[in-house]
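Asks: Have a look at this fold, sequence not included:
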């Protein structure tokens with residue numbers, strides 16, 4: 001009697017029963033339901049894991065009446081029928097065309113029907129006149145042109161609009177608005193400062209230096225700067241010690257402060273001193 005086993009046979013063991021040949025039994029596939037048909041059972045076969053993805057992609061780009069249009073279209077009433085030339089584009093009204101260089105063109109050649117005036121004579125010496133006109137004439141400036149085609153076709157630059165003309169702007173020659181605002185702000189600040197000075201003058205808390213006092217102060221500051229500068233030039237070139245370095249830095253700071261004071265006094269003609 002052969003023994004039956006499912007799947008992989010068990011490992012060999014030291015038993016007499018192992019000498020009996022065993023019959024291999026393959027497991028049956030589980031049953032499954034067919035989609036869309038409940039109650040019908042079919043033997044399980046291969047089912048792809050991308051089944052749902054394929055169905056989704058198949059329905060993604062499909063829509064009802066996508067290529068053929070809707071099933072029903074609203075029909076226009078019989079009175080609104082299509083008339084002749086109804087869908088043709090309407091062009092703007094015709095206007096007379098003028099070339100930009102019409103004023104520079106020479107007059108047209110007379111027609112054959114036009115008869116010239118006969119019997120006219122002149123005593124003008126054209127050779128002498130042309131020579132004098134060419135000698136006294138001013139050389140013409142070249143006309144600005146631009147190239148518009150690969151083959152080198154040129155056109156006048158002025159009527160093209162490529163060269164901006166500021167004289168044709170609406171606000172040409174007018175003062176910019178931001179300059180007017182800045183002027184008003186400066187004037188308002190000056191008025192406030194003048195009112196502040198008058199108020200302190202009234203209280204006696206400020207006084208102004210006279211021109212002689214201002215000039216005396218300016219001369220004193222310049223004299224101090226020259227004296228300090230003379231001492232600075234006498235310093236050693238090598239600052240190998242800390243005291244030499246500190247003295248040089250102190251003298252440079254004092255000179256810079258004197259220069260700032262001199263510049264402030266020279267810049268302002270009127271100097272006020274507050275009495276605290």
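Replies: Noted; the coordinates are in hand. The model shown is predicted, which means the values in this text are computed figures rather than measured ones.

Asks: Please enumerate the helices of the stretch 151-276 of the chain.
Replies: Remark: helices of the stretch 151-276 of the chain, listed N- to C-terminal, are 177-203, 211-233, 242-267; assignment by DSSP state H, counting those that start in this stretch.

Asks: tell me the angle the shortest one makes with helix 242-267.
Replies: Relative orientation of helix 211-233 and helix 242-267, computed by axes from the mean of the first three to the mean of the last three C-alpha atoms, to 10 degrees: 150 degrees.

Asks: pLDDT averaged over helix 211-233 - what is it?
Replies: Averaged across helix 211-233, pLDDT comes to 91.

Asks: outside of that helix, which residues touch it?
Replies: With contact meaning C-beta atoms under 8 Å, 6 or more residues apart in numbering, helix 211-233 is reached by 209, 248, 251-252, 254-255, 258-259, 261-262, 265-266, 269, 271. C-beta: built from backbone N, CA, C; applies to glycine.

Asks: That one: which residues count as buried?
Replies: If you call a residue buried by 16 or more other C-beta atoms under 10 Å, then helix 211-233 has these buried ones: 214, 221, 225.

Asks: ok so, going back, can you tell which of the helices of the stretch 151-276 of the chain is closest to residue 63?
Replies: In this view, those are compared for proximity to residue 63 by C-beta to C-beta, and helix 177-203 is the closest at 58.0 Å.

Asks: and the closest one, what does it pack onto?
Replies: For helix 177-203, the packing partners by 3 or more C-beta pairs under 8 Å, 6 or more residues apart in numbering; DSSP states H and E come out as strand 206-208, strand 272-274.

Asks: before we move on, the earlier item: with distance to residue 76 as added columns, please give the helices of the stretch 151-276 of the chain in CSV.
Replies: As requested, the helices of the stretch 151-276 of the chain are exported to CSV (distance: least, C-beta to C-beta, whole Å):
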stretch, distance to residue 76
helix 177-203, 57
helix 211-233, 95
helix 242-267, 85
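
Asks: Looking at those helices, which is nearest to residue 78?
Replies: helix 177-203 (63.0 Å).

Asks: Quick check on the contacts of helix 211-233: which are buried?
Replies: 255, 258, 262, 265.

Asks: about what we covered before: of all the helices of the stretch 151-276 of the chain, which one is nearest residue 79?
Replies: Short answer: helix 177-203, nearest of the helices of the stretch 151-276 of the chain by C-beta to C-beta, at 59.1 Å.

Asks: Would you pull up how far that closest one lies from the middle of the chain?
Replies: For helix 177-203, the separation from the chain centroid amounts to 39 Å (computed by C-alpha atoms, centre = their mean, to the nearest Å).

Asks: Spit out the contact partners of the residue nearest to residue 209 when sequence neighbours are not counted.
Replies: Of all residues beyond its chain neighbours, the one nearest residue 209 is residue 271 (4.6 Å), with distances taken as C-beta to C-beta, 6 or more residues apart in numbering. Shown here is residue 271, whose contacts under the criterion C-beta under 8 Å, 6+ apart are 208, 209, 214, 265.

Asks: Where does pLDDT dip in the protein?
Replies: Within the chain, the set of residues satisfying pLDDT under 70 comprises 1-13, 29-46, 64-67, 69-71, 201-206, 274-276.

Asks: Could you list the domains of it?
Replies: Domain ranges of the chain: 144-205, 206-276, per automatic domain parsing.

Asks: For residue 103, which of the helices of the stretch 151-276 of the chain is the nearest?
Replies: Checked against C-beta to C-beta, the stretch from the helices of the stretch 151-276 of the chain lying closest is helix 177-203, at 38.7 Å.
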